[in-house]
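Colleague: Quick one, fold the following:
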Amino acid sequence: MLQVNFIRQNAELVKQRLAVKNFKQPELVDELLQWDEKRKKYQFELDEALAKVNAASKEIGQLMAKGEKEKAEAKKQEVAQLKTSQDNSKLVEAEKEIEKILYQLPNLPSEKVPPGKTPEDNVVVREGGSKPALFQGAVPHWDLIKTYDLVDFETGAKITGSGFPLYKGKGAKLQRALVQYFLDFNTAAGYTEYLPPLLVNEASAYGTGQLPDKEGQMYHATEDNLFLIPTSEVPVTNIYRDEMLKESQLPIKMTAFSACFRREAGSFGKDVRGLNRVHQFDKVEIVQIVNPEKSYDVHLEMVAHVEKLLQTLELSYRILALCGGDMGFASALTYDFEVYSAAQEKWLEVSSVSNFESFQANRMKCRFKDGNGKSQLVHTLNGSSLALPRIVACLLENNQTESGINLPKALHQYFGAEGISK
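Modeller: Below you'll find the model as predicted:
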């Protein structure tokens, strides 16, 4: 959530930066400032009335001390009338309208964000690995999982519905191996492991920016007003909601594995086939809470961490700086990682590493005391390390041979074998 003081002092800059994100309601900035002027006016009137009450109350004490009871009683009546006339309903209304508008304003993009409106405008930062040359007759992963009996989409659909895969046998074992490897890789880099709840309350969803922006993408347990998490970023970051931290505690580095749930409304066609897009999937996440002065250095550090992880999986990848129009609501800067699917001959997103600056922290009221004892908002960052479905898809496709599927060396000890055979 943006800060009102910043918007008031930088209204035109805010509109310019929102335009980079192709935000369609710049008039909300002016509307917010109008409500803020009303709020200040109502607050002044309320403070002025309260000052009169305090002055009159003090005068009552002085009159009583002098024995002037009649004057004191008259002054008490005056105080009672002043209190009765006090009405904070307009102030409350103004504060609610300001908060309502703030929740509709996305985070401002960093100056580092490239301009653009669609994914085609994203900028390739760098590429790594080499695209494999597959043998004649190589097939996409949705055929491989049938051949090797790794995932049962039909039974998953029977149990729950379309987009809820049922992993089995070596497919389930590969999932477990990947999760364990990713967590070990992260904890070795200093991240503390968490196993968070899969449901969060409304305050947590607002805290990290899923609400009100992504209501249509989240599964909602309406009777309890709880939400199935779209990523473990939500519960893990909210560990520090309403917390005042010490500067010595920063940076806070956390990693978590969880199932993730997304409705993916409107998804259709070839891009959703197999494991390309599902409603439930496993993901390992990294989150950092840091000193604002260091957040962009930390962002690069996290990007390098995910890149190294992909290198150990021996996958061809590329890193994209997302343009303004393709960024998330809460992000100030996002780098996406895509891996190359050789059988599909396309790039598949497997990770986003984002700096949210103080946007989430302001919503969560997460602050720290700096060296001068001044309270200021932390910066929050998160990244996928990694989302499993498309990683699995590319591992299967890119490493298929006529006699089986080879696995990268880093997974051998976790999977208990060098590959998958029939």
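
Colleague: low-scoring stretches of the stretch 201-350 of the chain, by residue?
Modeller: 265-271 (pLDDT under 70).

Colleague: helices or strands next to the longest helix along the chain in the packing?
Modeller: In the chain, assigned by DSSP state H, the helix with the most residues is helix 27-66. Applying 3 or more C-beta pairs under 8 Å, 6 or more residues apart in numbering; DSSP states H and E, one finds that helix 27-66 contacts helix 4-9, helix 11-20, helix 69-85, helix 89-102. Just so you know, the C-beta spots here come from the backbone N, C-alpha and C atoms, and that holds for glycine as well.

Colleague: Out of these, flag the one nearest residue 123.
Modeller: Ranking those by proximity to residue 123 (C-beta to C-beta) places helix 11-20 first, at 13.6 Å.

Colleague: Give me the contacts around that closest one.
Modeller: Outside of helix 11-20, the residues within contact range by C-beta atoms under 8 Å, 6 or more residues apart in numbering are 2, 6-7, 26, 29-30, 33, 105-106, 108-109, 113, 115, 324.

Colleague: how much does it deviate in direction from helix 27-66?
Modeller: 140 degrees (axes from the mean of the first three to the mean of the last three C-alpha atoms, to 10 degrees).

Colleague: Format the CA atom coordinates belonging to helix 11-20 as PDB.
Modeller: Taking Å, rounded to 0.1, in the frame of the first residue of the first chain, the C-alpha atoms of helix 11-20 are listed here in PDB:
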ATOM      1  CA  ALA A  11       1.100  13.500  -6.900                       C
ATOM      2  CA  GLU A  12       2.300  14.000 -10.500                       C
ATOM      3  CA  LEU A  13       5.200  11.600 -10.100                       C
ATOM      4  CA  VAL A  14       2.800   9.000  -8.700                       C
ATOM      5  CA  LYS A  15       0.600   9.400 -11.800                       C
ATOM      6  CA  GLN A  16       3.600   9.100 -14.100                       C
ATOM      7  CA  ARG A  17       4.800   5.900 -12.400                       C
ATOM      8  CA  LEU A  18       1.300   4.400 -12.400                       C
ATOM      9  CA  ALA A  19       1.200   5.100 -16.100                       C
ATOM     10  CA  VAL A  20       4.200   2.800 -16.600                       C
END
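
Colleague: Give me the below-cutoff pLDDT ranges for the stretch 51-200 of the chain.
Modeller: For the stretch 51-200 of the chain (pLDDT under 70), the answer is 53, 63, 66, 68-69, 72-73, 75, 79, 81-86.

Colleague: Return the distance of the residue of the chain most remote from its centre relative to residue 78.
Modeller: Farthest-out residue of the chain from its mean C-alpha position, per C-alpha atoms, centre = their mean: residue 67, at 65.3 Å. Using C-beta to C-beta, to the nearest Å, residue 67 is found at 19 Å from residue 78.

Colleague: Am I right that residue 181 is in contact with residue 412?
Modeller: No. Proximity of residue 181 to residue 412 does not meet the contact threshold set by C-beta atoms under 8 Å, at 10.2 Å.

Colleague: And those two? Which one has more around it.
Modeller: Per other C-beta atoms under 10 Å, whichever of residue 181 and residue 412 has more neighbours is residue 181, with 21 against 13.

Colleague: So that one: helix, strand or coil?
Modeller: At residue 181 the chain is in helix, as set by DSSP: H, G, I helix; E, B strand; the rest coil.

Colleague: check contacts around the residue lying closest to it once chain neighbours are set aside.
Modeller: Using C-beta to C-beta, 6 or more residues apart in numbering and skipping the chain neighbours, the partner closest in space to residue 181 is residue 414 (4.8 Å). With C-beta under 8 Å, 6+ apart as the criterion, the residues that contact residue 414 are 176-178, 180-181.

Colleague: Select only the buried ones of the residues you listed in ChimeraX?
Modeller: Burial among the contacts of residue 414 is assessed by 16 or more other C-beta atoms under 10 Å; the matching ChimeraX selection reads:
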select :177,178,180,181
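
Colleague: Report the two of the contacts of residue 414 separated the most.
Modeller: Greatest spatial distance in those: 176 and 181, 9.6 Å, computed using C-beta to C-beta.

Colleague: Understood, closing this out.
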